[in-house]
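*Asks:* coords please:
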Amino acid sequence: MLFGVKKFHQYLAENHFTIETDHKPLLGLFAETKAIPMMASARIQRWALTLPAYEYELVYRPGSQIANADCLSRLPAKEKPSIQETPVPPEYIMLLELMDTSPVTSKHIRSWTRQDPVLSTVLRYVQWGWPNFCENPEMKSYYCRRDELTVQDGCVLWGNRVVIPPPGRGRVFTTHGLPEMLVSDNGTCFTSEEFKAFMEKNCIHHVQTALYQPSSNGLAERSVRTFKEGIKKLQGPDIQTRLDRFLFLYRTTPQTTTGQTPAELLVNWRLRTHLDLTHPSVQQTVKKSQWRQNIQHDLHVKDRSMKEQDTVYVKNFGN
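*Replies:* You can find the predicted model right below:
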């Protein structure tokens, strides 16, 4: 639905139109007279921010009555493209659902939840019932949302969001250390007392920008612009190959301000590129020098040959 609206934006803008869908739950999410649920996922909220720019009416229609759209989606193509030739939409780049391995799995969360004294208590209360009163200050944030918490496979869920235990929340900082500055919007997850205490405890300067205003974060916008310009110039069989090539070129290109590559600044290591083949290799120079020394040495060394019964000097290392 959102794809069709964006595709025909020049025809739909400033015009009233009707959207017919065979997916009835969309009426409760994107109906023009209903607000977005507070527990909706981030993707649903992004879509909901796009649709209010249009004047539309969402109508449910069973799939059996949408024969024209159903026919177009099922007509066979003349040539069946291979998986390698099928382009990957840009919005799926670095999407967590498409990663081969996840940095934090449900197995980790389940284990951390059992070991955490607060979440283990929350897990038990959700399964067997909450008390009438809660005096523990660490439990109040969970107690006020007790009717919204559920348990699935040993993990505590708040709506469709997983409650990450403390060991998983700081996992991103264990690889590159604590940053000096963190820039984010004014979302509730970044303005909570817990997040503020974490920033102050680790001496991280937190800079907040306007919510839903990406232009206020100039560094992030510049990074997006650099990525878009670079990915368009590169060639490759698929989007993942072009992405890998862009990241490699970006991390091995010296910056005009520092004169060093991002890889050198981050890990203090110079990555080897094709341009390094044009520079004389120190290792090869040392090997050639050692080879010449061996040749000169062999020219002035007399061959030693001994026969039986010849008198030789022997050093006794025993005494």
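*Asks:* Helix or strand for Val59, just tell me which one.
*Replies:* With secondary structure defined by DSSP states H and E, Val59 is part of strand 55-60.
*Asks:* packing partners for that strand?
*Replies:* For strand 55-60, the packing partners by 3 or more Cβ pairs under 8 Å, 6 or more residues apart in numbering; DSSP states H and E come out as strand 16-21, helix 26-30. For the C-beta atoms, the positions are set from N, CA and C on the backbone; glycine is no exception.
*Asks:* Ranking these by mean neighbour count, which comes first?
*Replies:* helix 26-30 (a mean of 16; mean count of other Cβ atoms under 10 Å).
*Asks:* Rounded mean pLDDT for the next helix or strand after it, please.
*Replies:* Downstream of helix 26-30, the first helix or strand assigned by DSSP H and E is helix 42-50. Over the span of helix 42-50, the pLDDT mean works out to 78.
*Asks:* Can you give me the buried ones in helix 42-50?
*Replies:* Buried residues in helix 42-50, counting neighbours by 16 or more other Cβ atoms under 10 Å, are found at Trp47, Ala48.
*Asks:* hey, C-alpha coordinates of it in CSV?
*Replies:* Output of helix 42-50 as CSV, limited to C-alpha atoms (Å, rounded to 0.1, in the frame of the first residue of the first chain):
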residue,chain,number,x,y,z
ALA,A,42,9.0,1.7,14.6
ARG,A,43,8.3,0.7,11.0
ILE,A,44,4.5,1.1,11.4
GLN,A,45,5.1,4.5,13.0
ARG,A,46,7.3,5.6,10.0
TRP,A,47,4.6,4.5,7.6
ALA,A,48,2.0,6.4,9.7
LEU,A,49,4.0,9.6,9.4
THR,A,50,4.0,9.3,5.6
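*Asks:* Pro179 against Ile204, yeah?
*Replies:* Yes - in this structure Pro179 lies within contact range of Ile204 using Cβ atoms under 8 Å: 6.0 Å.
*Asks:* between the strand holding Val59 and strand 16-21, how many degrees?
*Replies:* Going by axes from the mean of the first three to the mean of the last three Cα atoms, to 10 degrees, strand 55-60 is angled at 30 degrees with respect to strand 16-21.
*Asks:* Pull out the buried residues from strand 55-60.
*Replies:* Within strand 55-60, the residues that count as buried by 16+ other Cβ under 10 Å are Tyr56, Leu58.
*Asks:* Tell me how far Leu247 lies from Phe227.
*Replies:* Distance from Leu247 to Phe227, counting by Cβ to Cβ, to the nearest Å: 9 Å.
*Asks:* Equivalent analysis for Arg110, please.
*Replies:* From Arg110 across to Phe227, the span is 36 Å (Cβ to Cβ).
*Asks:* thought Ser41 was touching Asn160?
*Replies:* Yes - using Cβ under 8 Å, Ser41 and Asn160 qualify as a contacting pair, with a distance of 6.1 Å.
*Asks:* Run through this structure and note the low-pLDDT ranges.
*Replies:* Within the chain, the ranges that satisfy pLDDT under 70 run 37-39, 67, 69-103, 170-175, 212, 214, 277-281, 319.
*Asks:* Show the contacting residues for the spatially closest residue to His205 that is not a sequence neighbour.
*Replies:* Excluding the flanking residues, the one nearest His205 by Cβ to Cβ, 6 or more residues apart in numbering is Met181, at 4.6 Å. The contact partners of Met181, by Cβ atoms under 8 Å, 6 or more residues apart in numbering, come to Ile204, His205, His206, Val207.
*Asks:* Check Val207 too.
*Replies:* Val207 is in contact with Met181, Leu182, Val183, Ser184, counting by Cβ under 8 Å, 6+ apart.
*Asks:* sorry, back to before: send the alpha carbons of the strand holding Val59 over as CSV?
*Replies:* C-alpha atoms of strand 55-60 as CSV (Å, rounded to 0.1, in the frame of the first residue of the first chain):
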residue,chain,number,x,y,z
GLU,A,55,-6.0,12.8,1.6
TYR,A,56,-7.2,9.2,1.3
GLU,A,57,-9.9,6.8,2.4
LEU,A,58,-9.0,3.3,3.4
VAL,A,59,-11.6,0.6,2.5
TYR,A,60,-11.5,-3.1,3.1
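*Asks:* Just checking: what are the partner strands of it?
*Replies:* strand 16-21 (parallel) (DSSP bridges).
*Asks:* what about dumping the CA coordinates of the strand it pairs with to CSV?
*Replies:* Presented in CSV, the C-alpha positions along strand 16-21 are these (Å, rounded to 0.1, in the frame of the first residue of the first chain):
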residue,chain,number,x,y,z
HIS,A,16,-8.6,12.7,-2.6
PHE,A,17,-8.4,9.0,-3.4
THR,A,18,-9.5,5.6,-2.1
ILE,A,19,-7.2,2.8,-1.1
GLU,A,20,-8.6,-0.7,-1.3
THR,A,21,-6.9,-3.5,0.7
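*Asks:* That's all I had, so thanks and see you.
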